[in-house]
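K.L.:
please work out how this folds:
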Amino acid sequence: MKKSLIALALVGAFAAPAIAEEPASPHTLSANVAIATDYIFRGISQTNHKAAIQGGFDYSHASGFYAGTWASNVDWVSPLYKDDNSMELDVYGGYRGSFAGDFTYDVGGAYYYYTGKKISGVETPDSAELYAAIGWKFLTLKYSHTVSQNLFGWQGYSYSTGANTKDSRGSGYLDLSATIPVAEGLNVIAHVGRQEIKNNSAASYTDWKLGVTKDVGFGVVGLTYTDTNARGCGNTHAQYCWGAKGNVDVGDGRFVLSFAKSF
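P.N.:
Below you'll find the model as predicted:
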């Protein structure tokens, strides 16, 4: 008995002290990059149906606060609104969390900035929105509200007088999206949205999307089909007939292939 006690005492004396684990950091930083055959935003091509390269950085805190920035090439700002523009830069931030088990919420704001020199006498495409979203499992309902003077350069327009009459502050976008897991790393995605341009009903439209995404290990491959009822080329008051020659229907149906990677 006495020998056993001595042996236990020796083992305890020479045992290595336990090392306390570092507490998990509440801060998370991440980056993302993507390439796509088109940059479609709310159903409208921002690159006149040309390829896009995109990327951004995100910060999030365990409390729910987050902020980030994201950029893509675009091809609609010049020569209408700014000289020498080729890039969109977004800055956003907000707060998100969960409640009642499967429900989530997200509130925040976003600013869309387009590089280049503003052309005198025209509206700026730079825009600001506030948004709020609520989610349940694979469904998310989100509303974005314009707080800048205009949304992406749109103005109110009177077809009786042929003149711009008011700004488009107060425009709104309502978005219902679903991301449905169907197998390991494979999701079906669906979306329908309604963009209302304040004081310009001809520029308002509905868009929808259906597609799949697949995590292939070194990134995520996506294939989607998007379409809208926006007034494109050939329509009366063709608000979405863009391009240098005014002949690109930027709201027509389109398949988009993409590859995205997060770090």
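K.L.:
list the contacts of Ser148.
P.N.:
Contact analysis of Ser148 by CB atoms under 8 Å, 6 or more residues apart in numbering lists Asp126, Ser127, Ala128, Glu129, Arg169. Every residue, glycine included, has its C-beta placed from N, CA and C.
K.L.:
try 7 Å this time
P.N.:
Ser127, Ala128, Arg169 (CB atoms under 7 Å, 6 or more residues apart in numbering).
K.L.:
just Ser168 next, same as before
P.N.:
Taking CB under 7 Å, 6+ apart, we find Ser168 in contact with Thr146, Asn150, Leu151, Trp154, Gln155, Gly156, Ile197, Lys198, Asn199, Asn200.
K.L.:
for it, phi and psi?
P.N.:
Backbone geometry at Ser168, expressed as degrees, to the nearest 10, gives phi -110, psi 20.
K.L.:
how near is it to Ser144?
P.N.:
13 Å (CB to CB, to the nearest Å).
K.L.:
can you give me the strands in the stretch 1-150 of the chain?
P.N.:
27-36, 40-41, 44-45, 52-61, 65-73, 82-83, 87-99, 103-114, 117-118, 127-136, 139-146 (DSSP state E, counting those that start in this stretch).
K.L.:
rewinding a little: can you lay out the contacts of Ser148 as JSON lines showing pLDDT, neighbour count and distance to Asp249?
P.N.:
Below are the contacts of Ser148 laid out as JSON lines (pLDDT from 0 to 100; neighbours: other CB atoms under 10 Å; distance: CB to CB, whole Å):
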{"residue": "Ser127", "pLDDT": "98", "neighbour count": "23", "distance to Asp249": "23"}
{"residue": "Ala128", "pLDDT": "98", "neighbour count": "17", "distance to Asp249": "28"}
{"residue": "Arg169", "pLDDT": "94", "neighbour count": "17", "distance to Asp249": "28"}
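K.L.:
can you report how many residues lie near Arg58?
P.N.:
Small correction: residue 58 is Asp, not Arg. The number of residues packed near Asp58 is 16, by other CB atoms under 10 Å.
K.L.:
run through the bridge partners of it.
P.N.:
For Asp58, the beta-bridge partners under DSSP bridges are Ser30, Gly68.
K.L.:
highest neighbour count among the contacts of Ser168?
P.N.:
Leu151 (30 neighbours).
K.L.:
would you say that residue is within a strand?
P.N.:
No. Per DSSP: H, G, I helix; E, B strand; the rest coil, Leu151 lies outside any strand segment and is coil.
K.L.:
packed most tightly, which of the strands of the stretch 1-150 of the chain would that be?
P.N.:
Stretch with highest mean neighbour count among the strands of the stretch 1-150 of the chain: strand 44-45 (a mean of 24; mean count of other CB atoms under 10 Å).
K.L.:
which neighbours in the sheet does that strand have, and how are they oriented?
P.N.:
strand 40-41 (antiparallel).
K.L.:
ok, residues contacting the strand it pairs with?
P.N.:
By CB under 7 Å, 6+ apart, the list of residues contacting strand 40-41 reads Thr226, Arg254, Val256.
K.L.:
need the residues you listed in TSV (columns: secondary structure, neighbour count and distance to Ser63).
P.N.:
TSV is the format used below for those (DSSP: H, G, I helix; E, B strand; the rest coil; neighbours: other CB atoms under 10 Å; distance: CB to CB, whole Å):
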residue	secondary structure	neighbour count	distance to Ser63
Thr226	strand	23	35
Arg254	strand	19	40
Val256	strand	20	35
